[in-house]
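Asks: need a structure here:
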Amino acid sequence: MFDNLSQKLNKTFKKLKGHGKLNESNIEDALKEVRLALLEADTNYKVVKKLIEDIRGRAIGREVLESLTPGQQVVKIVNEELTRLMGTAGQPLHLTGRTPFIIMLVGLQGSGKTTTAGKLALLLRKQGRNPCLVPADIYRPAAMEQLKRLGAQISIPVHEPQNNMTPEDICLEALSSAGSGGSDVLIVDTAGRLHIDEGLMEELVRIKDRIKPSEILLVADSMTGQDAVNLASHFNQLLGITGIILTKMEGDARGGAALSIKAVTDKPIKFIGVGEKLDALEPFFPDRMASRILGMGDVLSLIEKAQEEFDEKEALDLEKRLKKRRFDLEDFQKQISQVKKMGSLEQILGMLPGIDQVKQLKQLKPDEKGLQKVEAIINSMTKKERANYKIINGSRRRRIALGSGTNIQDVNRLLKNFAQTKRMMEQFTNKGLRGMSSLFH
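Replies: Presented below is the predicted three-dimensional model:
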């Protein structure tokens, strides 16, 4: 996400910071490079033009030219202007007043709308809501079955419509039965098309008029760049959307949609999809996204993920075990499992400040399959072996490799890495683990 844009901007700012004193000429040169990087990221050209004008207005002035650290001041200005461009602050769902609240998801086929309905339901349940999924797509083959499977997977109820009902009647029936089912939020998965057509929009308008949703969220594929922005403008004009969910942000999206969509439509991005798993939906925070784009990381999101996924009792127990030098392979496996819950390693690394500027890590592609191999090897050990890795001799290593579908070299590598990790964690126990447990207080 934003990799190319981040690299180009950081290269420009590094060059800028190399100047002891800035003048209008070298600031203009930097702004040309920033402009080109944004356009190559498929950002709307009108948005880029306005953004560069705003940055120029602040950068060529006393705020920068008389600063002791002019290069850093320019980066600060770009960060603030990018944040403002994307909406200044995160926008929560408008779920106040009378229940059930209705969230209507709209968009084209292939944008990930049905999967997003499941992700949003899971997120709302974590927030203490009782969501119900409503299948209002009667056209796409197996659309209703897909929603039922998603609901079963995350234990979220899915409304069962009667045969031959119109989408409007399905929604009204779900609304009338929501109270008896104990649901306080209905997430309506409407039909999509391969392209915008009059029939689709008329149907969506009829549904909106009859159920009066609290939110109308457009689900758009971020990888389509400016097409996503144009799509948002069209849906907003005809439906009056209240927000946007950008999907596939973990992929090769150049970022132009995220940078342009708020400025063009004046509607906030409320969530972003950052993976295929059903827990891979995040609230969108413009300031945090701007920090990621500029290589400053996103420590707040990383801490929130840790708080959500790491068990406080286990963290404190691990701290005690380390102090007593009892950290073993079973503990190691638990830590791997908890880190995996936070998302892909690539996403986690992307939240660390300055990670893209560390040469050794710049080209690093974290080996997700390697973690699976490690877990398979540990699972093939006996309880005694996990508790004391030093008893694992040659014959035991051969047995473990055979049981895990790996080879002896893999087992040797794991044991060597574990021994190094154990020594390192014991050295930093008093500092590091105390910091981890403080996340919960």
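
Asks: where does pLDDT dip in the stretch 301-441 of the chain?
Replies: Where the stretch 301-441 of the chain drops to pLDDT under 70, the residues are 301-325, 338-369, 425-441.

Asks: name the SS class of Arg292, please.
Replies: With DSSP: H, G, I helix; E, B strand; the rest coil as the basis, Arg292 sits in helix.

Asks: next, count neighbours for it.
Replies: When neighbours are counted by other C-beta atoms under 10 Å, Arg292 registers 20. All C-beta atoms are positioned from the backbone trio N, CA, C, and that covers glycine.

Asks: contacting residues for the closest residue to Asn379 other than its chain neighbours?
Replies: Once flanking residues are discounted, Asn379 sits nearest to Ser404: 6.9 Å by C-beta to C-beta, 6 or more residues apart in numbering. Going by C-beta atoms under 8 Å, 6 or more residues apart in numbering, Ser404 touches 373, 376-377, 379-380, 410-411.

Asks: if we go to 10 Å?
Replies: For Ser404, the contact set (C-beta atoms under 10 Å, 6 or more residues apart in numbering) comprises 373-381, 410-411, 414.

Asks: distance of it from Arg398?
Replies: 11 Å (C-beta to C-beta, to the nearest Å).

Asks: again, but for Lys383
Replies: The gap separating Lys383 from Arg398 is 19 Å, by C-beta to C-beta.

Asks: more neighbours: which of these two?
Replies: Arg398 (13 against 9).

Asks: contacting residues around that one?
Replies: Contacts of Arg398 by C-beta under 10 Å, 6+ apart are 407-408, 411.

Asks: buried stuff in the host helix or strand of it?
Replies: Per DSSP states H and E, Arg398 falls inside helix 394-404. Buried residues in helix 394-404, counted by 16 or more other C-beta atoms under 10 Å: 397, 399-401, 404.

Asks: could you export those as JSON lines, including distance to Arg149?
Replies: Output for these, formatted as JSON lines (distance: C-beta to C-beta, whole Å):
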{"residue": "Arg397", "distance to Arg149": "42"}
{"residue": "Arg399", "distance to Arg149": "39"}
{"residue": "Ile400", "distance to Arg149": "36"}
{"residue": "Ala401", "distance to Arg149": "37"}
{"residue": "Ser404", "distance to Arg149": "31"}
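
Asks: before we move on, the earlier item: export the contacts of Ser404 to TSV and append columns for neighbour count.
Replies: Output for the contacts of Ser404, formatted as TSV (neighbours: other C-beta atoms under 10 Å):
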residue	neighbour count
Lys373	17
Val374	22
Glu375	16
Ala376	15
Ile377	23
Ile378	20
Asn379	12
Ser380	17
Met381	22
Asp410	19
Val411	23
Leu414	23
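
Asks: centroid residue for this structure?
Replies: Most central in the chain under C-alpha atoms, centre = their mean is Val274, positioned 3.6 Å from the mean C-alpha point.

Asks: for that residue, phi and psi?
Replies: For Val274, the backbone dihedrals (degrees, to the nearest 10) come out as phi -120, psi 20.

Asks: ranges for the strands of the stretch 51-200 of the chain?
Replies: For the stretch 51-200 of the chain, applying DSSP state E, counting those that start in this stretch gives strands covering 101-106, 131-136, 185-190.

Asks: need those strands in JSON lines (columns: distance to Glu173, mean pLDDT and mean neighbour count).
Replies: Output for those, formatted as JSON lines (distance: least, C-beta to C-beta, whole Å; pLDDT from 0 to 100; neighbours: other C-beta atoms under 10 Å):
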{"stretch": "strand 101-106", "distance to Glu173": "13", "mean pLDDT": "96", "mean neighbour count": "25"}
{"stretch": "strand 131-136", "distance to Glu173": "9", "mean pLDDT": "96", "mean neighbour count": "26"}
{"stretch": "strand 185-190", "distance to Glu173": "11", "mean pLDDT": "96", "mean neighbour count": "26"}
